[in-house]
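A.B. asks: Okay, sequence plus prediction incoming.
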Amino acid sequence: GEEAAESTAPQEGDTVSVGVAIYRFDDNFMTLYREELENYFSQLSEETGVTYELDIQDGKQDQATQTEQINNFITQGKDVMILNLVDVTAANAIINLAQEADIPIVFINREPETDDMKIWPGKTTYVGADATQSGTFQGEMIAETSNQGDINGDGQINYIMLQGDPQNVDAQQRTEFSIKALEDAGLTPNALSEPYQANWDSARGQEFTANALAQFGEDLEVVFSNNDGMAMGAIQSINSAGRTVGEDIYLVGVDAIPEAIQALNDGNLTGTVLNDHFNQAQTVVE
Ligand code: GAL
């Protein structure tokens, strides 16, 4: 709470050691996020005279590796941890260990289960975007196209879904709410396949989209991508298949990474939704 935070607030000349665990360095969005964490901590250091010592670890998309990194943070007696878990089901055990060592945690980007967040209230918190809204905006962008996503005029929107990690609440909610937005607009979405597990990864986005284009051909009207990284991969396959975004296919992503803005300007992307890494990172630091 406020009072506890004030009574322990670091003073000029103090050093605060911060353990930061990122699920995977090789992820466009989390790289931007990580850079802003570093920027903002050093800005804060300059302003306050408090030294923030960051120890940033790459979980390499492996929970066992990451758990070891977090155990090291605890052994080293970090003052606070910022955790972007590989697998949120690890949160329970981690919170219990952190509580024993009295090291508060700010979870980022991947939200642990509500029950886990009740284990150590006041000393654990989560910072993330509202993924239901990102999904809704994706669906709305398709509904707002001239033919409402129904390019072949058969009364349905034939789509595929490139899904991030299915354990991740961002992936689940973007998937669900993008389709719900179409239904809410009175349209008829038709999934050509089960969601493809592309795991936020550009190469997999490319591969699955290529497969889908080969399998469904002209029937495929909309590619929903849970993030821009996978959408960037999809663009490659769409172009190789001789299809044209905005003419015979639509593609939407989430994050608004610089590459996606470029693709928007080039006409290779129908739309993206800002996932505000800048303000999220600053909020985490605050
Ligand atoms: C999402 C983001 C993705 C990916 C993922 C990692 O919020 O949109 O691009 O970075 O987090 O958990």
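C.D. replies: Perfect, I can see it now.
A.B. asks: Packing partners of the one helix or strand residue 18 maps to?
C.D. replies: Using DSSP states H and E, the element containing residue 18 is strand 15-22. When contacts are defined as 3 or more C-beta pairs under 8 Å, 6 or more residues apart in numbering; DSSP states H and E, strand 15-22 packs onto helix 28-48, strand 51-58, helix 63-75, strand 80-83. For glycine as for every other residue, the C-beta is placed from the backbone atoms N, C-alpha and C.
A.B. asks: Find the least confident helix or strand in this structure, judged by mean pLDDT.
C.D. replies: When each helix and strand of the chain is scored by mean pLDDT, DSSP states H and E, helix 2-7 comes last, with a mean of 49.
A.B. asks: Would you mark the buried spots in stretch 149-169?
C.D. replies: By neighbour count on 16 or more other C-beta atoms under 10 Å, the buried set for stretch 149-169 is 149-151, 157-165, 168-169.
A.B. asks: Using CSV, lay out these together with pLDDT and secondary structure.
C.D. replies: Formatted as CSV, the buried residues of stretch 149-169 follow (pLDDT from 0 to 100; DSSP: H, G, I helix; E, B strand; the rest coil):
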residue, pLDDT, secondary structure
149, 98, coil
150, 98, coil
151, 98, coil
157, 98, strand
158, 98, strand
159, 99, strand
160, 98, strand
161, 98, strand
162, 98, strand
163, 98, strand
164, 97, coil
165, 90, coil
168, 87, coil
169, 88, helix
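A.B. asks: filter these down to the ones near the ligand?
C.D. replies: Among the buried residues of stretch 149-169, the ones lying near the ligand by C-beta under 6 Å from any ligand atom are 164, 168.
A.B. asks: So residue 263 is in contact with residue 229, correct?
C.D. replies: No - using C-beta atoms under 8 Å, residue 263 is not in contact with residue 229, being 11.7 Å away.
A.B. asks: do you know how far the nearest residue to residue 58 once chain neighbours are set aside is from residue 60?
C.D. replies: Spatially, and ignoring its direct neighbours in sequence, residue 58 is nearest to residue 25 (4.2 Å; C-beta to C-beta, 6 or more residues apart in numbering). Using C-beta to C-beta, to the nearest Å, we find residue 25 at a distance of 8 Å from residue 60.
A.B. asks: tell me what the helix or strand hosting residue 282 is packed against?
C.D. replies: For residue 282, the host element (DSSP H and E) is helix 277-285. Applying 3+ C-beta pairs under 8 Å, 6+ apart, one finds that helix 277-285 makes contact with helix 28-48, strand 105-108, strand 124-127.
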